[in-house]
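>>> give me a model of this one.
(2 chains)
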Amino acid sequence: MSNEKTTIIQPEDTDKQYNTLNLGPTHPATHGIFQNILKMDGETVMDAEQTIGYIHRAFEKLAEHRPYYQVTPLTDRLNYCSAPINNFGWYLTVEKLLGLTTSKRIDYMRVIIMELARITDHIICNSVVGVDSGALTGFTYLFQMRELVYEIYEEISGARLTTNMGRIGGFERDFSKIAYKKINEFLKKFPKVLLQFENLLMRNRIFMDRTIQVGSIAPDRALNYGFTGPNLRAAGVDFDIRVSDPYCSYQDFEFDIPVGTQGDTYDRFCVRDAEMWESLKIIKQALENIPEGKYYMDEPGIYLPPKDKVYSQMEALIWHFKIVMGEAGYPPGELYHSVEGANGELGFYLISDGGRTPYRLHFRRPCFIYYQAFPEMIKGGVLSDAILTMSSMNVIAGELDA
Amino acid sequence: MNIDYLIFKIVLIASIFGLSLLVAMYATLMERKVAAFFQDRYGPNRAGKWGLLQPLADGIKLFFKEEFVPSSADKLLYILGPSLSMFVALLTSAVIPWGTPVVIGGKQYALQVADVNVGILYIFAVVSIGVYGIMIGGWASNNKYALLGAIRASSQMISYELALGISIVTLVMTAQSLSILEIVEQQKGMHWNAFYQPLGFIIFTICAFAETNRAPFDLPECETELIGGYHTEYSSMKLGFYLFAEYINMFISGTLISALFLGGYDFPFINDMGFSQNTLAAVHFLVFFCKISFVVFVFMWIRWTLPRFRYDQLMRLGWKKLIPIACINLVITGVVVLLTQ
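Next comes the predicted model:
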């Protein structure tokens, strides 16, 4: 990328007149509110400048004024396509601060939900790549499957999109029989539909022409920007936090990391597609090997005591009160914990001064990083390429602006 | 020219005019139902049985929408754009033979508004004007997305009309006539041109997609890139005119494909069944209509299945593939016609 600052309003080359096109903030293809100011020569994108902050909600500042357990709803609203991963990432961070290790059962339950969330996220991204390339039908097939996952969420946590699922130290309740039934139903139905979707698009000549060598990024450039997740793996770097730094018992599962070669839109599409199959494998293994046990950590002062004890025992009532008021007593410390979000490395940089709220909390949001590379990736392409590149990177406005 | 002839023609014109509008209206419903079928959902089903009143409801809604003209738009051209599109779309059906002649009071009346002996040329002349509606509308709304859509539309039309024209020339060479009625009559008894001119048929169909701005060639209005393309700034019935024109054009393209390549109103064994002439005309009309509906269904089928081309790929397909193939087809047809004469 050229380092000179691009001035959009007055082109440097006065002989040639460029056209300024505002792609966004409200454009059907931006899937959220963010703006790109494109410098166009006809249909060709000469330069682009991205604008962020349209839905900045100051989550990091808000988190400084909330007890730890109340930060979870904020994480929901980062990448709302895969909210449970954000929730559990936050819990894992807090548990790391507390120095707790969760039981295998909790880990496996979390893994099941996180992989379901990864599937929904990839469903959204890939079907939207289809929609933006003009093939609307695959979208409706996959979205019916997403609905099944949302019903699973609903059964487990009561919410669908912004789940606020689980608690620090476990889950609020065990998976019900219906939940297991729904997960198994999903596992049975989803592969067929995913195959249908692949048949519609993957070897389609028009789709391949539209996506291959479009919006590509070299692995070293991707690493320099700080790419992670499917977008980095599409460029050919086999980096996955689930394997390189396992959390939540991911080391127990057998799965592959799909890697692309070109780093283009087609590779991103294929990597996400392959990851859905891998996620299915992980969920199946987790369901088979899930151990019996408690769905929460019996740690006083961390996990809310059961209601009947709160009503009958003094200690339980005190702990209940302290936890709800955020006075549970978190140790001071400074730590970084990251999980493999559906979209890339989702990190939580937490500084605690021992008070009731985080002293400072920073979210490492993968979308924010991808979006920086966007102008470099679309330069020289045409407008249609820019749209497809954006949707294949899966930049979610909520996560971008936080 | 006598008075009953005049009355018949006026009735015919009115009914074809009405039919075009009705078909365009119900093509929207069909489109949505077909899309719903492909996408595993219901489609409109609230207004009337099977959503049969949905087009009416849509029309009424469009009528009562705010009539909005952007302050920076060129007012006259802004209104001229959709009017021209609609006008041109309605003109084309004049030379289509809808069936064999009917007999009323011992006199024969052709089911065709005008049997122009250069019918094909007429259609080309009229259809080519259609792009002006889009171009003028897109330019006059003074919006960059609309302008991009208009530019795309015009360059797309130019490149695809050539291939379309050449594929028609081959057809004319074998048919030795420019009259659509005669071309249809020649195909009687399953001598459909699609069998004799398969390459021309395919090229014509592809170009018809491009001419009607339908997917995979819907670049001028692709909503994911250009918001609404050339009709981004349009609202109310002006938008309705554009949408209507698109559906009428699709209907007309279906008509042309059926008439020129799929035998028009011809169907095996119909002529041997011993129908009276008027029944035969009705059956012919029905057959023709079914063929058109099938072609329109194919249009929709493709729209809801394939992704769309990119602008440069579209141009490449037009100039580097379709036109050379059409030219080769032209040469081969010329040689064959010369040898068989």
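>>> which helix or strand contains the residue of chain B at minimum distance from chain A?
Distances between chain B and chain A by CB to the nearest CB are smallest at B:Arg308, namely 3.2 Å. Bear in mind the C-beta positions are built from the backbone N, C-alpha and C, glycine included. Assigned by DSSP states H and E, B:Arg308 falls within no helix or strand.
>>> quick check: residues of the stretch 301-402 of chain A near chain B?
A:Val382, A:Leu383, A:Ser384, A:Asp385, A:Ile387 (CB under 8 Å from any CB of the partner chain).
>>> number of residues surrounding the second one?
Summarising burial for A:Leu383: neighbours were counted as other CB atoms under 10 Å in any protein chain shown, giving 24.
>>> tell me the pLDDT at it?
As predicted, A:Leu383 sits at a pLDDT of 85.
>>> for A:Asn3, same thing?
48.
>>> list the contacts of the residue nearest to the residue of chain B closest to chain A when sequence neighbours are not counted.
Nearest residue to B:Arg308, sequence neighbours excluded (CB to CB, 6 or more residues apart in numbering or on different chains): A:Gly134, at 3.2 Å. Applying CB atoms under 8 Å, 6 or more residues apart in numbering or on different chains to A:Gly134 gives the contacts B:Ala215, B:Pro216, B:Asp218, B:Cys222, B:Thr224, B:Leu306, B:Pro307, B:Arg308.
>>> OK, contacts around the second one?
When contacts are counted by CB under 8 Å, 6+ apart, B:Pro216 touches A:Gly134, A:Ile206, B:Phe209, B:Ile302, B:Arg303, B:Leu306, B:Pro307, B:Arg308, B:Phe309.
>>> could you turn the buried ones of those residues into a ChimeraX selection?
Filtering these down to the buried ones (16 or more other CB atoms under 10 Å in any protein chain shown) takes a single ChimeraX command:
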select /A:134,206 /B:209,303,306,307,308,309
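>>> return the closest of the contacts of B:Pro216 with respect to B:Leu239.
B:Arg303 (19.2 Å; CB to CB).
>>> report the separation between the closest one and B:Ala35.
For B:Arg303, the distance to B:Ala35 equals 8 Å [CB to CB, to the nearest Å].
>>> can you tell me the SS state at whichever residue of the stretch 51-200 of chain A sits closest to chain B?
The stretch 51-200 of chain A approaches chain B most closely through A:Gly134 (3.2 Å), counting by CB to the nearest CB. What DSSP: H, G, I helix; E, B strand; the rest coil gives for A:Gly134 is coil.
>>> where does the stretch 151-300 of chain B come near chain A, residue by residue?
Residues of the stretch 151-300 of chain B lying near chain A (CB under 8 Å from any CB): B:Ile151, B:Ala215, B:Pro216, B:Asp218, B:Cys222, B:Glu223, B:Thr224, B:Glu225, B:Leu226, B:Ile227.
>>> report the distance from stretch A:124-138 to the chain centre.
Relative to its parent chain, stretch A:124-138 has a centroid offset of 19 Å by CA atoms, centre = their mean, to the nearest Å.
>>> coming back round to it: and the residue of chain B closest to chain A, what's its pLDDT?
86.
>>> so who does it touch?
Contacts of B:Arg308 (CB under 8 Å, 6+ apart): A:Ser133, A:Gly134, A:Ile206, B:Ala215, B:Pro216, B:Phe217, B:Asp218, B:Leu219, B:Cys222.
>>> let me see the ranges of the strands in the stretch 251-400 of chain A.
A:333-341, A:344-352, A:360-364 (DSSP state E, counting those that start in this stretch).
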